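S.K.: Here is my input, please return the structure:
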Amino acid sequence: MPADAIEVGRIADAWGIKGWFKVLPHSASPEALFSSKRWYLLPSDRVVGGAKSPTAKSAAPAAGGSVKPVLLKIKEAKDHADTVVACSLEVADRNQAEALKGARIFVPRSSFPTAGIDEYYWVDLLGLDVVNREGVAMGQVKDLMSTGPQTVLVLSQASEEADKPPLERMIPFVAAFVDNVDLPGRKITVDWQLDY
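M.R.: Predicted coordinates for the structure are as follows:
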């Protein structure tokens, strides 16, 4: 498994009789699935060999586990209705495609297509520090949420009181509130205040 592997979807089921399978992408724009011809598969979150497999979106095996990824060479992947369908050189028929059901799909981050100007992959925004125009720390991006028309940054900031849980803050990820995204500097500058 490449060190920069990112989970991008799951195999839902077989599709047709010639070894094609249906994929449920984690993104509404699954370009990473289309751009990579090497997919790494790990079992689903179901129990595997007596131990629960990992649920985090990382390629690390469960503690004490020795689940090895399977490399799948993709022949073709394409949009189909509200999902993605794909075929592989190693999957010859429906029975083999059904055996992949539930598998988690990882692709190397290095194989993602280059993002356009003012476009960012969610995975690249996670962990970035967020500050406002005055330099006040707003928190760190712990998640992103799609609300349909826009994406929202979900921030976490340690509480000043040790016995209190971290503060959570949400900021729309739109040009009206986001001044700058500095990926190399790991910082996002926003037009937002602590009391919003």
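
S.K.: so what's the closest residue to Lys187 other than its chain neighbours up against?
M.R.: Nearest-residue entry for Lys187: Asp129, 5.1 Å, with adjacent residues in sequence omitted and distances by C-beta to C-beta, 6 or more residues apart in numbering. Placement of C-beta: from N, CA and C, glycine included. Neighbour list for Asp129: Ala137, Gly139, Gln140, Arg186, Lys187, Ile188 [criterion: C-beta atoms under 8 Å, 6 or more residues apart in numbering].

S.K.: quick one: which of those is most hemmed in?
M.R.: Top of the contacts of Asp129 by neighbour number is Ile188, holding 24 neighbours under the definition other C-beta atoms under 10 Å.

S.K.: I'd say that one and Gly139 touch.
M.R.: No. Under the criterion of C-beta atoms under 8 Å, Ile188 is not in contact with Gly139, lying 10.2 Å apart.

S.K.: Common neighbours of the two, please.
M.R.: Asp129, Val130.

S.K.: Which secondary structure state is assigned to the residue lying farthest from the centre of the chain?
M.R.: For the chain, the C-alpha farthest from the mean C-alpha position belongs to Glu161; by C-alpha atoms, centre = their mean, that distance is 32.2 Å. Put simply, Glu161 is coil when judged by DSSP: H, G, I helix; E, B strand; the rest coil.

S.K.: Quick check: the gap between it and Ser110.
M.R.: In this view, Glu161 and Ser110 are 42 Å apart by C-beta to C-beta, to the nearest Å.

S.K.: do Glu134 as well
M.R.: With distances defined as C-beta to C-beta, the gap from Glu134 to Ser110 amounts to 37 Å.

S.K.: These two: which has the busier surroundings?
M.R.: Of the pair Glu134 and Ser110, Ser110 is the one with more neighbours under other C-beta under 10 Å, namely 11 against 7.

S.K.: where does the more buried one fall, phi/psi-wise?
M.R.: Ser110 has phi and psi values of phi -70, psi -20 when expressed as degrees, to the nearest 10.

S.K.: Ok, Gly16 next?
M.R.: With angles defined as degrees, to the nearest 10, Gly16 shows backbone torsions of phi 80, psi -170.

S.K.: ditto for Val123
M.R.: Backbone torsions for Val123, taken as degrees, to the nearest 10, come to phi -60, psi -30.

S.K.: Is it in contact with Val107, as I believe?
M.R.: No. Look at Val123 against Val107 with C-beta under 8 Å: they stay out of range, at 11.0 Å.

S.K.: Looking at these two, which is more packed in?
M.R.: For the pair Val123 and Val107, the greater number of neighbours falls to Val107 (23 against 18), based on other C-beta under 10 Å.

S.K.: Excluding covalently adjacent residues, which one is nearest to that one?
M.R.: Val107 sits nearest to Ser36 (C-beta to C-beta, 6+ apart), 4.0 Å away.

S.K.: could you measure Leu125 against Lys142, distance?
M.R.: Counting by C-beta to C-beta, the gap between Leu125 and Lys142 amounts to 10 Å.
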